[in-house]
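[1] quick one, structure for this:
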Amino acid sequence: MISINAQIKMRENKKQLVIKLLKRNTEGLTTIEISRILKISRKTVAVALAELKGANLIRIRPVGIAKLHYWKGGKR
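    Numbers count the residues shown, from 1 in each chain. You can find the predicted model right below:
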């Protein structure tokens, strides 16, 4: 069984991967695209994006049924 501290570290590491990817892709990415590129589950990506949205670090633009996610936080 993985300790709570280890779980938190893994989640933070995955969130950092999402941040780096969004910083590099200025045209915006969907949850599915992020999931496929990083090879992590859509649920994990959705949680990371929700945390980033809550911290006002990303911008979300609906396009049809999809949503494009853009980095708007601090330094590039």
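
[2] where in the chain is pLDDT low?
    74-76 (pLDDT under 70).

[3] what about the strands in it?
    58-63, 66-71 (DSSP state E).

[4] let me have those in TSV, extended by mean neighbour count.
    From N, CA and C alone the C-beta is placed, and that goes for glycine too. Formatted as TSV, these follow (neighbours: other CB atoms under 10 Å):
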stretch	mean neighbour count
strand 58-63	13
strand 66-71	17
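
[5] what about residue 41, distance to residue 50?
    14 Å (CB to CB, to the nearest Å).

[6] so which of the strands of the chain is nearest residue 16?
    Closest approach to residue 16 among those (CB to CB): strand 66-71, 12.5 Å.

[7] contacting residues around that closest one?
    For strand 66-71, contacts defined as CB atoms under 8 Å, 6 or more residues apart in numbering pick out 19, 22-23, 26-31, 34, 49, 57-62.

[8] same thing but 6 Å
    22-23, 28-30, 49, 58-61 (CB atoms under 6 Å, 6 or more residues apart in numbering).

[9] next one: stretch 49-59
    In contact with stretch 49-59 (CB under 6 Å, 6+ apart) are residues 69-70, 72-73.

[10] including distance to residue 15, could the contacts of strand 66-71 go into JSON lines?
    Output for the contacts of strand 66-71, formatted as JSON lines (distance: CB to CB, whole Å):
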{"residue": "22", "distance to residue 15": "11"}
{"residue": "23", "distance to residue 15": "13"}
{"residue": "28", "distance to residue 15": "18"}
{"residue": "29", "distance to residue 15": "15"}
{"residue": "30", "distance to residue 15": "17"}
{"residue": "49", "distance to residue 15": "9"}
{"residue": "58", "distance to residue 15": "11"}
{"residue": "59", "distance to residue 15": "17"}
{"residue": "60", "distance to residue 15": "16"}
{"residue": "61", "distance to residue 15": "21"}
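
[11] tell me the one of the residues you listed nearest residue 10?
    Closest approach to residue 10 among these (CB to CB): residue 49, at 16.6 Å.
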